[in-house]
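Novice: predicted coordinates and the sequence they were generated for:
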Amino acid sequence: MKRLITGIIASAAWLLLLLAGPFPLFWLVITGLAAVALNEYLTIALSELSQRIRVPIILFGLFPLLGAYSGAPVGLLCGLSLALVALLLFTLSRYSSLTLPFEVISRGGFGYLYLGLCSAHLVLLMALPQGRAWLLLLTAITAASDTAAFYTGSKFGRHKLCPAISPGKTWEGFLGGLAGSLLASLLVRHFFLPEQSILWICLIVLLLGCLGAAGDLSESVIKRAFGVKDSGSLLPGHGGLLDRIDSLLLTAPVLYYLLYFQTGLCLL
């Protein structure tokens, strides 16, 4: 019940933001959520860092989102470049006080790619023509897949999908997730993207559905490497924020570049 209530509240807030929130507010919320996710990641991967060291590392990791406010990929890349340079200079300046300086660079830099770069694509998607509709489609794919996979896997799961990484996931749950995301996506297409062909939507669902499962497993690899079960306790019944956005981190960039090249924005 706790999981269901949390899911309903979070989904309602997200849909309200997508449908009615102005672009600056959307950017601000995504940036705030990325900061929370980065903090969860650093707590897992660099648990020995003090708060004084962790705060600037988190702030540098938000530079890609700052660049994404321009709505152009070049702004995002500028932000990412600045973040990596800032991380290196900061590590050099605090070298003598850091226990594991190379781990700060390598794990912090990966965090910027995994969380800063990938989450910034949500902002780029919002800046696209019909950006809100495409974000609704991405939400439908991700949320419906997670929910359908959870209940299908719990009821019918027999065959393990990837037991070495996540023993609880099954092929039945994965296929149920794909079916759920397809149904939800066709509903979004009917009301918000009627000009898009059903075949194109089905191909997007198939690709992003598989990537979403890979995103889920990728986060499990990180948690397993550091011996933690959840990334945090922010969302009762769900774990941390990172546990809920792991699928979006891979699907958002891929959907953005599918649309970027399909619509010819790359030629502008």
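Specialist: Happy to help now that I have it. Everything numeric here is computed off the predicted structure, so don't read it as measured data.

Novice: use CA for all of it now, contacts and neighbours both
Specialist: Fine.

Novice: how about the helices in the stretch 1-150 of the chain?
Specialist: 2-20, 23-45, 51-61, 63-68, 73-93, 101-111, 118-127, 131-156 (DSSP state H, counting those that start in this stretch).

Novice: and of those, who's closest to residue 232?
Specialist: helix 23-45 (6.3 Å; C-alpha to C-alpha).

Novice: return the set of buried residues in the closest one.
Specialist: For helix 23-45, a neighbour-count test (16 or more other C-alpha atoms under 10 Å) marks 23, 26-27, 30-31, 33-45 as buried.

Novice: for it, what is the average pLDDT?
Specialist: Averaging pLDDT along helix 23-45 yields 96.

Novice: equivalent analysis for stretch 88-98, please.
Specialist: 94.

Novice: distance across it, terminal residue to terminal residue?
Specialist: 13 Å (C-alpha to C-alpha, to the nearest Å).

Novice: who touches that stretch?
Specialist: Identification of contacts with stretch 88-98 by C-alpha atoms under 8 Å, 6 or more residues apart in numbering yields 101, 104, 105.

Novice: of these, which is the most crowded?
Specialist: Among the contacts of stretch 88-98, residue 104 has the most neighbours (other C-alpha atoms under 10 Å), with 22 neighbours.

Novice: how far does the lengthiest helix in the chain sit from the chain's center?
Specialist: The longest helix of the chain (DSSP state H) is helix 198-226. Between the centre of helix 198-226 and the centre of its host chain there is 10 Å, according to C-alpha atoms, centre = their mean, to the nearest Å.

Novice: list the buried ones in the following helix or strand past it?
Specialist: For helix 198-226, the following helix or strand on the C-terminal side (DSSP states H and E) is helix 241-262. Under the neighbour-count criterion of 16+ other C-alpha under 10 Å, helix 241-262 has 241-257, 259-260 buried.
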